[in-house]
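1. From the sequence below, what's the structure:
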Amino acid sequence: MELLLLSNSTNHGGRPWAHAASELAEFAAGADTGAGVFVPYALADHDAYTEAVAKPFAAAGVELTGLHTAEDPVAAVTAARFIVVGGGNTFRLLRALQRSGLIEPLRQAVAGGARYVGASAGTNITAPTIRTTNDMPIVEPDSFRALELVPFQINPHYVDADPDSRHMGETRETRLREFGEENDVAVLGLREGTYLRVSGDTAKIGGKAVSAHAPGPAILFRRGGEPEEISGDVSGLLSFPAEFDVPEELPA
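-> Residues are numbered from 1 along each chain as shown. Below you'll find the model as predicted:
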């Protein structure tokens, strides 16, 4: 399994995907082919989204075709050796994949060697569920169960609390601690500018957090303990057990 999971596709003030250009080029160099499919379902305008994402990937040596243009999307995913899933609204993305019958074909494609690049929502859906997304549920998917490519939850765009803020609402840390009160599942918070690279049974965190309040690239939440700053080799995450509050949400 080869995954490149970005917290975000665009850093503040930068061009889309530019902050990960070298990682994308390296990741693409290991693909069997220079052609790939882009899954644009997290945004409403699929044509415009595909056109925008195709440019930086062309620079990395990958020619992307929008999955929405395929006569048979399931066959297109099954044949793909390089898959990119962009950000947007995670609920909309998951519902589209469910209603198109693409969840299992995506799992099988990645298990069969297709390289997978996700950003934001595209990273969210690689977890067992989308319960730790930051997005508003603008649509209702059939369930929260997602691709289950990794055994832990992910929270892209993780934001540390501003110590000078007067905002009295819950912080991101508070929300993820609440998730841990109901589910014995680890949550990886990826800060802006960072990524998780999975290759077989190894995993590492790379990139550089862009927030002035970020002490490092990522933070890990586990039930019964305090949040832990993590970086570098995090292969141990791939063997973490997961126990959700609803049995049918457990990985198959």
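2. got any ranges where this protein has weak pLDDT?
-> The model of the chain has pLDDT under 70 over residues 165-166, 168-169, 247-252.
3. center of this structure, which residue is that?
-> residue 123 (0.5 Å; Cα atoms, centre = their mean).
4. helix/strand/coil for that one?
-> The local conformation at residue 123, judged by DSSP: H, G, I helix; E, B strand; the rest coil, is helix.
5. Use 876 as the first number for this chain going forward.
-> In the new numbering, first residue 876, that becomes residue 998.
6. residues contacting it?
-> Listed by Cβ atoms under 8 Å, 6 or more residues apart in numbering, the contact partners of residue 998 are 880, 881, 882, 962, 1029, 1031, 1065, 1071. C-beta here means a position set from N, CA and C on the backbone, and glycine is covered the same way.
7. how far away is the closest residue to it other than its chain neighbours from residue 940?
-> Nearest residue to residue 998 in three dimensions, chain neighbours excluded: residue 880, at 4.3 Å (Cβ to Cβ, 6 or more residues apart in numbering). Counting by Cβ to Cβ, to the nearest Å, the separation of residue 880 from residue 940 is 22 Å.
8. Checking the closest residue to residue 1037 other than its chain neighbours next. Helix, strand or coil?
-> Spatial nearest neighbour of residue 1037, excluding adjacent residues (Cβ to Cβ, 6+ apart): residue 1088 at 6.0 Å. Three-state assignment for residue 1088 (three-state DSSP): coil.
9. Contacts only, for residue 1088.
-> By Cβ under 8 Å, 6+ apart, the contact set of residue 1088 is 1035, 1036, 1037, 1038.
10. right, and out of these, which lies closest to residue 950?
-> Within the contacts of residue 1088, proximity to residue 950 (Cβ to Cβ) peaks at residue 1035, which comes in at 43.6 Å.
11. gap between the closest one and residue 960?
-> 26 Å.
12. quick one: which of these two has more around it?
-> A direct count of neighbours by other Cβ atoms under 10 Å for residue 1035 and residue 960 places residue 960 higher, at 28 against 17.
13. gap between the two ends of stretch 996-1009?
-> 9 Å (Cα to Cα, to the nearest Å).
14. Please enumerate the helices of this protein.
-> All helices of the chain, identified by DSSP state H, fall at 896-904, 921-934, 948-954, 965-974, 978-986, 996-999, 1047-1057.
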